[in-house]
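Visitor: Provide a 3D model corresponding to the input given below.
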Amino acid sequence: MKLWLTLCAVVLLFWTSETTALTHHTYMNGTVLGISGDTIKIDDKVFTIAPKAKIVVQDKRNGAYFEERASRSYISVGNSVTVRAMGNLVNEIIIERWKR
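Guide: This next block holds a predicted model:
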């Protein structure tokens, strides 16, 4: 009986413990309104691009989506993008060419 109660207490302890993510990043879709140096403006929000931000281009060919590495030079005003950010620091930019 004591073993059963101990087991139940341990399970209850782990079940009720807080399970929050260590990172609090958010995703935002929008259109690039401006880019200069390490800043990017997307739909009235200004972000700083992290020095090691991952930048990719997504394209659609023959009904399949492809993703290729890119650089900041691929980003231009009018691009449809999704960014992953923590606060105003962007860690990933996905240029969505398939939306053209």
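Visitor: drop to CA atoms for contacts and neighbour counts, all remaining ones
Guide: Fine.
Visitor: Least confident secondary structure element in the chain?
Guide: The helix or strand of the chain with the poorest confidence is helix 2-16; it has a mean of 61 (mean pLDDT, DSSP states H and E).
Visitor: Can you give the strand pairings for the helix or strand following that one, parallel or anti for each?
Guide: Next helix or strand after helix 2-16 toward the C-terminus (DSSP states H and E): strand 26-36. Under the criterion DSSP bridges, strand 26-36 sits next to strand 39-42 (antiparallel), strand 80-86 (antiparallel) in its sheet.
Visitor: Among those, which comes closest to residue 65?
Guide: strand 80-86 (15.0 Å; C-alpha to C-alpha).
Visitor: Pull the residues that contact the closest one.
Guide: With C-alpha atoms under 8 Å, 6 or more residues apart in numbering as the test, strand 80-86 has contacts from 23-32, 90-97, 99.
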